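*Asks:* Build me a model:
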Amino acid sequence: MITNLDRVQVLSEALPYIQQFAGRVMVIKYGGAAMKDPSLSQKVMRDIVLLASMGVNPVVVHGGGPEINIWLEKLGIEPQFLDGLRVTDSATMEVVEMVLVGRVNKKLSN
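*Replies:* Okay, the predicted model is just below:
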């Protein structure tokens, strides 16, 4: 059980960091693999809202690789990777744009 004393201790330890980052931009990479777990997604969004309420200016850069791969497979397009990076030809780019703009962005902004 978390006591009020525990809360006070955590907040007093966090205060210098809160003051250090208040007013600054913080870029957060939210990967596609992390988006697959609804519980984790809820926690990530809660933490981003907490940062904003503390005066930090979060900028979220998100992925969507797993969902992109699902749609590429549905459309019969073979995903290509070179040294771990996706090779994006014009057909793949259309799918990437559809997934990120039409699905992932929409889900994140709701």
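
*Asks:* Quick check: Val59 vs Pro38, distance?
*Replies:* 23 Å (Cβ to Cβ, to the nearest Å). Using the backbone N, CA and C atoms, a C-beta is placed for each residue, glycine as well.

*Asks:* swap in Gly65?
*Replies:* Distance, Gly65 to Pro38, by Cβ to Cβ: 18 Å.

*Asks:* Need the residue closest to the centroid of the protein.
*Replies:* With distances taken as Cα atoms, centre = their mean, Tyr30 lies nearest the centre of the chain, 2.2 Å away.

*Asks:* The longest helix along the chain - contacts with which helices or strands?
*Replies:* Longest helix of the chain, by residue count under DSSP state H: helix 4-21. The contact analysis (3 or more Cβ pairs under 8 Å, 6 or more residues apart in numbering; DSSP states H and E) places helix 4-21 against no helix or strand.

*Asks:* neighbouring contacts of that helix?
*Replies:* Leu51, Met54, Gly55, Val56 (Cβ atoms under 8 Å, 6 or more residues apart in numbering).

*Asks:* and with 6 Å instead?
*Replies:* The contact list for helix 4-21 (Cβ atoms under 6 Å, 6 or more residues apart in numbering) reads Met54, Val56.

*Asks:* immediately after it, which helix or strand?
*Replies:* Later in the chain than helix 4-21, the nearest helix or strand by DSSP states H and E is strand 25-30.

*Asks:* That following strand - which strands sit beside it in the sheet, and in what orientation?
*Replies:* Strand partners for strand 25-30, identified by DSSP bridges, are recorded as strand 57-62 (parallel).

*Asks:* buried set for the strand it pairs with?
*Replies:* His62 (16 or more other Cβ atoms under 10 Å).

*Asks:* so where's the chain uncertain?
*Replies:* For the chain, not a single residue meets the criterion pLDDT under 70.

*Asks:* looking at it, which residue ends up farthest from its center?
*Replies:* Distance-from-mean max, the chain, by Cα atoms, centre = their mean: Leu5 at 32.3 Å.
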